[in-house]
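J.: Build me a model from this:
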Amino acid sequence: MGYIVNNRIYVNPGFEEEFEARFRARVGQIDKQPGFVAMRVLRPMGNQAPYVVETEWESQDAFRAWVGSEDFKLAHANPLPKEATREGGGLEQFEVVVGTESRG
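T.: Reported below is the predicted structural model:
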């Protein structure tokens, strides 16, 4: 049914716009990867919550192929300054067991 990868990132105050702008600048690049389904960058609504970057793939193999690709290296070549983020968060990987979508 699919494979979901969430990356939880705690962004420090004052760096939110730069963090979001980096993803806006890359929109359309990951879309070209074989097995890619969707990406969402979720802005936290609570003070202590992290951003969540959610990607959906056809399979774990498709995700792993992207991680080994030149596009992945390019996307991560110029990271935010160290003071932009704090400890915590990290990658979570899930296999979709049950899912549904609106049909209306």
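J.: which residues does G90 contact?
T.: 7-8 (C-beta atoms under 8 Å, 6 or more residues apart in numbering). For every residue, glycine as well, the C-beta is placed using N, CA and C.
J.: In a strand, it, correct?
T.: Yes: counting by DSSP: H, G, I helix; E, B strand; the rest coil, G90 is located in a strand.
J.: The strand or helix carrying V5: which residues count as buried?
T.: Using DSSP states H and E, V5 sits within strand 3-11. For strand 3-11, the neighbour count (16 or more other C-beta atoms under 10 Å) marks 3-11 as buried.
J.: so L91 touches I9, yeah?
T.: No: the pair L91 / I9 is not scored as a contact, 10.1 Å apart, by C-beta atoms under 8 Å.
J.: which outside residues touch the host helix or strand of E17?
T.: For E17, the enclosing helix or strand under DSSP H and E is helix 16-26. Contact with helix 16-26 is made by 9, 11, 41, 43, 51, 53, 75, 80, 84, as judged by C-beta under 8 Å, 6+ apart.
J.: Repeat that for stretch 63-78.
T.: 3, 5, 26, 29-30, 32-36, 55, 57, 93.
J.: Is there a quick ChimeraX command that grabs whichever of these are buried?
T.: Here is the ChimeraX selection string for the buried members of those, based on 16+ other C-beta under 10 Å:
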select :3,5,30,33,35,36,55,57
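J.: Can you tell me which one of the contacts of stretch 63-78 sits lowest on pLDDT?
T.: Minimum pLDDT across these is recorded for R26, with 77.
J.: For the protein, just list every one of the helices.
T.: Here the chain has its helices, by DSSP state H, at 16-26, 60-67, 70-75.
J.: Is it possible to get the ones you listed out as JSON lines so that each row also shows distance to G104?
T.: Output for the helices of the chain, formatted as JSON lines (distance: least, C-beta to C-beta, whole Å):
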{"stretch": "helix 16-26", "distance to G104": "30"}
{"stretch": "helix 60-67", "distance to G104": "29"}
{"stretch": "helix 70-75", "distance to G104": "35"}
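J.: Let me know which of these is tucked in deepest.
T.: With neighbours taken as mean count of other C-beta atoms under 10 Å, the helices of the chain reach their highest mean count in helix 60-67, at a mean of 15.
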